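Participant: sequence and computational prediction follow.
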Amino acid sequence: MKILQIGGTGFLGSHIVKKLIERNHDLTIITRNPDNEMPFDKSKVKFIKGDILQLDELEISANFDVLVYTAMVPFKPSRISNKKFKELEVITKQYFQNTIELARKLSCPLILTSGASFETKGDEVADENWPITRKGMAALGMCYDELISEIKTHNSIPIIEMLPAQIYGNGGMFNKMISMAKNGKIVLLGGGKNFLPRIHVSDCADAYVLAIEKLPFGQRFIICDDENVRVKDFMLYLAKIFNTKKVVAIPKFVLRLVIGKHIFHTLTMNTKVSNELIKKELGWKPKYPTYREGLKTLKE
Ligand SMILES: NC(=O)c1ccc[n+]([C@@H]2O[C@H](COP(=O)([O-])OP(=O)(O)OC[C@H]3O[C@@H](n4cnc5c(N)ncnc54)[C@H](OP(=O)(O)O)[C@@H]3O)[C@@H](O)[C@H]2O)c1
């Protein structure tokens, strides 16, 4: 297939790229820095140097079977002021709007990425019919729901929505957790009693490959492994894998002061989700059904 990807150089994106190369797809990546080193064979893909914020400057002449969006607005995972949050919200909107506009211009189906941000209580388990909870960092994508509903109402472009759980693996922001564990100290933020679903980056990439090859238009998929896990259990297992001696618990009230309300809400939200739909519709199955199998790969 002829695939155009925005975000193919990122943590999740590069895993998808590796798998698409293995499957002999014809892949073009839009990146701001095509000369950078990348964790895949650069000779096997084409590059378009460009920025999704500068849509008018993107020169694309070829036709594509699908446009895949796995980009993310860059931000530091530290305290975010309300002013900074508002700025990020405006930029996030531009990323989504411009990506949708690009798909329209190219008359190309779109696979769009958001996140599995659902707030559940007790035994509740969210599925794809639940409304996305726009709380914490997920509130940056407030515009997303409106944009999607507009596309669906007017049937303007064929679309598939991917909603990954927290992605872990070697790379991206998760590298920070790994180096902390390797350096002998793990921080447990806010007690960690809340559930936060996870997905190994390789399994998440497999889900995208299936979505690209099967193109089930109109679907929205939660991508998570088979076991909803508490933050605490996940972090303690990470400590066990790396033989980390020190586990420091930061109480909720201190955490909120240090990291601010936006990241606080993201880290402390309670979420249980189901992966039934993606298994049924795409035949997807995680190679790492729980964090226990998945975290072990970090030492390989
Ligand atoms: N990581 C998670 O736990 C997680 C969980 C749920 C959902 N998600 C979603 O999954 C997607 C991928 O996340 P990730 O962690 O893999 O992100 P990431 O590693 O930060 O990747 C960022 C990617 O976005 C591209 N990008 C950023 N700004 C761009 C711009 N202005 N124009 C063109 N490309 C731009 C970068 O490309 P260049 O730098 O090469 O230009 C890079 O490839 C995101 O949509 C994210 O919201 C992630």
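Facilitator: Noted; the coordinates are in hand.
Participant: how far away is the residue in the stretch 1-150 of the chain that the ligand sits nearest to from E101?
Facilitator: The ligand sits closest to G10 of the stretch 1-150 of the chain, with a gap of 2.2 Å, by CB to the nearest ligand atom. (Glycine included, C-beta is placed from N, CA and C.) From G10 over to E101 the distance is 21 Å, taken as CB to CB, to the nearest Å.
Participant: who has more neighbours, these two?
Facilitator: Using other CB atoms under 10 Å as the criterion, G10 and E101 rank with G10 on top: 19 against 14.
Participant: K279 touches D226, doesn't it?
Facilitator: No. K279 is beyond contact range of D226, at 9.2 Å (criterion: CB atoms under 8 Å).
Participant: quick one on the thing from earlier: which residues touch the residue of the stretch 1-150 of the chain closest to the ligand?
Facilitator: 70-72, 172 (CB atoms under 8 Å, 6 or more residues apart in numbering).
Participant: JSON lines please, covering these and showing pLDDT, neighbour count and distance to L215.
Facilitator: Listed next are those as JSON lines, based on pLDDT from 0 to 100; neighbours: other CB atoms under 10 Å; distance: CB to CB, whole Å:
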{"residue": "T70", "pLDDT": "98", "neighbour count": "25", "distance to L215": "16"}
{"residue": "A71", "pLDDT": "98", "neighbour count": "22", "distance to L215": "20"}
{"residue": "M72", "pLDDT": "95", "neighbour count": "18", "distance to L215": "23"}
{"residue": "G172", "pLDDT": "90", "neighbour count": "17", "distance to L215": "26"}
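Participant: could you restrict the residues you listed to the ones contacting the ligand?
Facilitator: 70-72, 172 (CB under 6 Å from any ligand atom).
Participant: what does the protein put close to the ligand?
Facilitator: 6-7, 9-13, 30-33, 51-53, 70-72, 74, 113, 115, 164, 166-167, 172.
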